[in-house]
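[1] Predicted structure and sequence below. I'll ask about it afterward.
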Amino acid sequence: MAGKLNPAKSATAKRRARRKASDSAPAAADAAGRFYYKGNRLKQLRAFVYITRLGTLSRAAEALFLSQPSVSLQLQALERELGMPLVERTRRRVTLTDAGEALYEMARPLVEGFENLDREFIAKTRGKQSGRLVVAAGASTIQYLLPDLVKAYRERYPDVHLQLANVTGKDGMALLRADEADIAIGSMLDVPNDIAWAPVYHYDPMLIMPPDHPLASQDTIRLEDLSPYGLILPPQRLTTFRLVDMVFQQRRVPYTVAIEVGGWDVIKQYVAMGLGISIVTGICITDADRERLVVRNLRQYFPQRSYGVVMRKGKFLSPEARAFIDLIKPGLLTHRDYDESGHSER
């Protein structure tokens, strides 16, 4: 019958059609994949930058509000597109390859620029730097370290609303973690894993006493010489007290706390009144203090205190925050600094 198909020929034709479709599928899928990934290059770069900044895929996923497999797929897609590995995965964290280092230097400003696009747009359209900056710091930092910086910043960026949050170390960390403060300025002893610390200023420990004190005539003072005299120290919860106690305990030298009170100005006033002696950080010693007090350097026994910039790792700095940090020290926070630990609170 003329219209009847040969079953054998029909089966062969079906197999050929299936093979043809199968052969063309990878090419189509690959083309579609390339188009998809190229269309999402910014997402890939953003994931790559966050992975580099935070050190692990899981931390990057948390910061980006994505699942870890999604972040991993974005990284793999980027590596396939560029044709080379960008990171080396270890058990604890990822490290950049040479190609990853080069890409990070190019991608970081792009991603940061995108993150700050709205703020930058407002600043550009107004023709001047504007916005808001919140800096967390302790009372001594605000009083002795920040005045010149704040003055210079206000002269350059008068339209920025600057807020100085007067908080102690733990409260400052809480503000950073809640994104209620852009940066913190202060001293640190213990640096949590999620915090970046870049020390800039260094101050020696100083013994202060009234001019008529028995030790005032001595040029060299030993730690043992302090034992008979009551110390005036900040509260025990603050770092200064902890440091003083630690040094005396390690050297097995007895000491007595006569008065426990907060605020360097109060402590200096009480010392001038003859109510005791104190060990303070050099940041609070002014020329006027040297006229009414006898000051001796105790660096031989007590460590220096370092003050600098504190911020949450993985946080993209606003233009206002970057401008403030540039006043402290230009180029202070490179990407390596975000992963460093350092020496925390007054």
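    Happy to help now that I have it.
[2] quick one: secondary structure of residue 232?
    Here residue 232 is recorded as strand under DSSP: H, G, I helix; E, B strand; the rest coil.
[3] Likewise for residue 88?
    Under the three-state scheme (three-state DSSP), the conformation of residue 88 reads as strand.
[4] All the strands of the stretch 1-150 of the chain, residue numbers only.
    87-89, 94-96, 131-137 (DSSP state E, counting those that start in this stretch).
[5] highest average neighbour count across those strands?
    Relative to the other members of the strands of the stretch 1-150 of the chain, strand 131-137 carries the highest mean neighbour count by mean count of other C-beta atoms under 10 Å, namely a mean of 22. For every residue, glycine as well, the C-beta is placed using N, CA and C.
[6] What count of nearby residues applies to residue 75?
    Close neighbours of residue 75, defined as other C-beta atoms under 10 Å, add up to 21.
[7] ok, it - contacts?
    Counting by C-beta atoms under 8 Å, 6 or more residues apart in numbering, residue 75 touches 44, 47-48, 51, 57, 86-87.
[8] mind running it again at 10 Å?
    For residue 75, the contacting residues are 44, 47-48, 51, 57, 60, 85-87, 89, 94, by C-beta atoms under 10 Å, 6 or more residues apart in numbering.
[9] What segments of the stretch 151-300 of the chain are helices?
    Under the criterion DSSP state H, counting those that start in this stretch, the stretch 151-300 of the chain contains helices at 169-177, 239-250, 264-272, 287-292.
[10] List the contacts of residue 262.
    Each residue near residue 262 by C-beta under 10 Å, 6+ apart is listed here: 139-140, 168, 233-235, 237-238, 346.
[11] And those residues, which of them are buried?
    Using 16 or more other C-beta atoms under 10 Å as the burial test, the contacts of residue 262 include 140, 168, 233-234, 238, 346 as buried.
[12] Make JSON lines out of those and add distance to residue 274 and pLDDT.
    Converted to JSON lines, the buried ones among the contacts of residue 262 look like this (distance: C-beta to C-beta, whole Å; pLDDT from 0 to 100):
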{"residue": "140", "distance to residue 274": "23", "pLDDT": "88"}
{"residue": "168", "distance to residue 274": "29", "pLDDT": "78"}
{"residue": "233", "distance to residue 274": "17", "pLDDT": "95"}
{"residue": "234", "distance to residue 274": "19", "pLDDT": "91"}
{"residue": "238", "distance to residue 274": "24", "pLDDT": "81"}
{"residue": "346", "distance to residue 274": "24", "pLDDT": "37"}
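[13] Dump those residues into TSV; add distance to residue 116 as well.
    Conversion of the buried ones among the contacts of residue 262 to TSV gives the following (distance: C-beta to C-beta, whole Å):
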residue	distance to residue 116
140	32
168	30
233	43
234	38
238	35
346	32
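[14] which two from the residues you listed end up farthest apart in space?
    168 and 233 (15.3 Å; C-beta to C-beta).
[15] Need the strands of the stretch 1-150 of the chain in JSON lines (columns: mean pLDDT).
    Listed next are the strands of the stretch 1-150 of the chain as JSON lines, based on pLDDT from 0 to 100:
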{"stretch": "strand 87-89", "mean pLDDT": "86"}
{"stretch": "strand 94-96", "mean pLDDT": "87"}
{"stretch": "strand 131-137", "mean pLDDT": "92"}
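[16] Take those and lay them out in CSV including distance to residue 290.
    CSV is the format used below for these (distance: least, C-beta to C-beta, whole Å):
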stretch, distance to residue 290
strand 87-89, 54
strand 94-96, 50
strand 131-137, 25
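[17] what sits against residue 95?
    Residue 95 makes contact with 52, 55, 87-89, 101, according to C-beta under 10 Å, 6+ apart.
[18] so which pair among those is furthest apart in space?
    The most widely separated members of the contacts of residue 95, counting by C-beta to C-beta, are 89 and 101 (15.8 Å).
[19] Surely residue 257 is in contact with residue 232?
    Yes. With contacts defined as C-beta atoms under 10 Å, residue 257 counts as touching residue 232 at a distance of 7.9 Å.
[20] quick one: the residue lying closest to residue 256 once chain neighbours are set aside from residue 260, how far?
    On the basis of C-beta to C-beta, 6 or more residues apart in numbering, the spatially nearest residue to residue 256 that is not a chain neighbour turns out to be residue 230, at 5.0 Å. To residue 260, residue 230 is 11 Å away according to C-beta to C-beta, to the nearest Å.
[21] the strands in the stretch 151-300 of the chain, which residues?
    Along the stretch 151-300 of the chain, the segments classed as strands by DSSP E, counting those that start in this stretch run 160-166, 183-187, 195-203, 205-209, 230-233, 256-260, 278-281, 294-297.
[22] Count the residues that sit near residue 80.
    As a burial measure, the neighbour count of residue 80 was computed by other C-beta under 10 Å and equals 12.
[23] can you pull the pLDDT of the residue nearest to residue 256?
    Looking at residue 230, its pLDDT is 95.
[24] residue contacts, the residue lying closest to residue 272 once chain neighbours are set aside?
    Once flanking residues are discounted, residue 272 sits nearest to residue 292: 5.3 Å by C-beta to C-beta, 6+ apart. Neighbouring residues of residue 292 by C-beta under 10 Å, 6+ apart: 208, 210-211, 268-269, 271-272.
[25] now swap in residue 132 and tell me
    Contacts for residue 132 were tallied using C-beta under 10 Å, 6+ apart; they are 119, 160-163, 182, 318, 320.
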